[in-house]
Structure formats: C-alpha cells, structure tokens
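Q: Next come a sequence and a model predicted from it.
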Amino acid sequence: MTRVLLVQPAIDKLGGVYNPHIGLSYLSSDLKQAGHEVKYFDVNYNNAKSFEKLCKSFLPNAIGITLSKYTLNESLEFAKKLKKHISKPKIILGGPAASIYPEQVLRKSTADYAVRGE
C-alpha cells in the first residue's frame, strides 16, 4: 500500500470565497478504492508547521500537487522546497496546467513526474 499526500496549493480567494478542490477529492476517493492510504492537505487552511507535522507522522511515499493557471508559480516553488527538504517521497504534479504544459512543467520544476488527464 502506498501512502499518498495530496496537496492543494495556496490560491487567491476570488471575492472572499474559497472552495476545496473537488478534483483532489475525486482522486483521493479513487486512490482509496485502489487500496492506498491517502491524506489531503489544503495550504489555504493550514500552515507550514502543520504540513511538516503531517509529513513526519504520515511518511508519504508520494506527494501529489495540483497545478492550475492561478497556482502554477506558487505550486512549482512549493514542489522545489519539498524536494530540497524532503527527498524520499516522489513529487507528482497534476491538474490542468500539468495536462496542458507537461514538458514545460517538468522542465521548470524539481518534480519526479507530471500526470496528464487525471
């Protein structure tokens, strides 16, 4: 069984409204049905200390980060920091930006994989 941590990067709240990422919820459900242990971390509701604590207690084998047009730069920077400080888990990028620009996303990041069309 693989331990997967799915991450929603920080986004600007348009008009003060923010909704959790539905795509990551669907992906989490599919991964759980396939027998994987999954945790979800939303940067918009948590801080760096709680992320570190979760990583130390959960010990993920893979960390998936969703990318969108609005979170692309922040997400790539987040992935770079992760790879620098937490070398063991594979970093996997997904979401609309990874599907549209997979080669560019991998070139600009330190991630191990980019997933298209998830």
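A: Received the coordinates, thanks. Fair warning: this is a prediction, and the values are worked out from it, not measured in the lab. Residues are numbered from 1 along each chain as shown.

Q: From here on, just use CA atoms for contacts and neighbour counts.
A: Fine.

Q: host element of Tyr40?
A: strand 37-42 (DSSP states H and E).

Q: Please enumerate residues in contact with that strand?
A: The contact list for strand 37-42, computed with C-alpha atoms under 8 Å, 6 or more residues apart in numbering, reads 1-10, 20, 24, 28, 31-32, 51.

Q: what lines up beside that strand in the sheet?
A: Paired neighbours of strand 37-42 in the sheet (DSSP bridges): strand 3-8 (parallel).

Q: that older thread, which residues sit against the helix or strand that comes right after the strand holding Tyr40?
A: Past strand 37-42, heading to the C-terminal end, the next element that is a helix or strand (DSSP H and E) is helix 48-58. Outside of helix 48-58, the residues within contact range by C-alpha under 8 Å, 6+ apart are 3, 41.

Q: What of stretch 23-30?
A: With contact meaning C-alpha under 8 Å, 6+ apart, stretch 23-30 is reached by 6, 8, 38-40, 66.

Q: Which stretches in the chain count as strands?
A: 3-8, 37-42, 62-66, 90-94, 113-114 (DSSP state E).

Q: would you turn these into JSON lines with distance to Tyr101, mean neighbour count and mean pLDDT?
A: Output for the strands of the chain, formatted as JSON lines (distance: least, C-alpha to C-alpha, whole Å; neighbours: other C-alpha atoms under 10 Å; pLDDT from 0 to 100):
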{"stretch": "strand 3-8", "distance to Tyr101": "19", "mean neighbour count": "22", "mean pLDDT": "95"}
{"stretch": "strand 37-42", "distance to Tyr101": "23", "mean neighbour count": "17", "mean pLDDT": "94"}
{"stretch": "strand 62-66", "distance to Tyr101": "13", "mean neighbour count": "23", "mean pLDDT": "94"}
{"stretch": "strand 90-94", "distance to Tyr101": "10", "mean neighbour count": "22", "mean pLDDT": "93"}
{"stretch": "strand 113-114", "distance to Tyr101": "9", "mean neighbour count": "20", "mean pLDDT": "90"}
